[in-house]
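Chemist: give the three-dimensional model of this entry:
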Amino acid sequence: MNEPLRPVTIDRQRLDRALTEAAKRADPVSRAQIEAFENAVRVRRRGSLAHGASLRGEIDQLTMPEITDSGIFGNERSMNLLDHVITAILPNLDANEDVTSIAKAMLEEEIDRRRELQARIDEEGGPE
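Modeler: Numbering: from 1, shown residues only. A predicted model of the protein is given here:
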């Protein structure tokens, strides 16, 4: 099941012929859009090849968020968010009362677990 990913090979000549045929059948506005797209792809392809960038790297760069403040993942921040969900969001949900009380209990348990973990880290002189 964990087969390695194989690179996808693209028959560029076949793709170019298909795009050319589509452009011929398209109306003038669509033809202009197709040509603009083809030009953008060509420029991007040349730039990527010149810099040795891979398609996977470019996709990763486009889809991965840039996190400038790692503090958003901090324990205190996550506990504040959980508390906010308990106090501000759960009471306003249009949900069964049993569901809401179970969700609240689970979130409170998670906050307690995080507090205990932080206390153990602090006792052992971990990051503050």
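Chemist: could you use CA atoms for every contact and neighbour count after this?
Modeler: OK.
Chemist: quickly find the element holding residue 82.
Modeler: helix 75-84 (DSSP states H and E).
Chemist: can I get that helix in CSV? Just the C-alpha atoms.
Modeler: What follows is helix 75-84, C-alpha atoms only, in CSV (Å, rounded to 0.1, in the frame of the first residue of the first chain):
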residue,chain,number,x,y,z
ASN,A,75,-0.2,25.6,24.7
GLU,A,76,-1.6,28.8,26.2
ARG,A,77,-3.1,29.9,22.9
SER,A,78,-4.8,26.6,22.3
MET,A,79,-6.3,26.5,25.8
ASN,A,80,-7.6,30.1,25.2
LEU,A,81,-9.2,28.9,21.9
LEU,A,82,-10.7,25.8,23.6
ASP,A,83,-12.1,28.0,26.3
HIS,A,84,-13.5,30.4,23.7
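Chemist: who are the packing partners of it?
Modeler: Here helix 75-84 touches helix 97-123, going by 3 or more Cα pairs under 8 Å, 6 or more residues apart in numbering; DSSP states H and E.
Chemist: so which bits of the helix it packs on are buried?
Modeler: Neighbour counts over helix 97-123 (16 or more other Cα atoms under 10 Å) mark 100, 104, 107, 108, 111, 114, 118 as buried.
Chemist: and the helix holding residue 82, how far out from the chain middle?
Modeler: Helix 75-84 sits 22 Å away from the centroid of its parent chain (Cα atoms, centre = their mean, to the nearest Å).
Chemist: what's the mean pLDDT across it?
Modeler: Averaging pLDDT along helix 75-84 gives 88.
Chemist: report the buried residues of that helix.
Modeler: For helix 75-84, using 16+ other Cα under 10 Å, the buried residues are 79, 82, 83.
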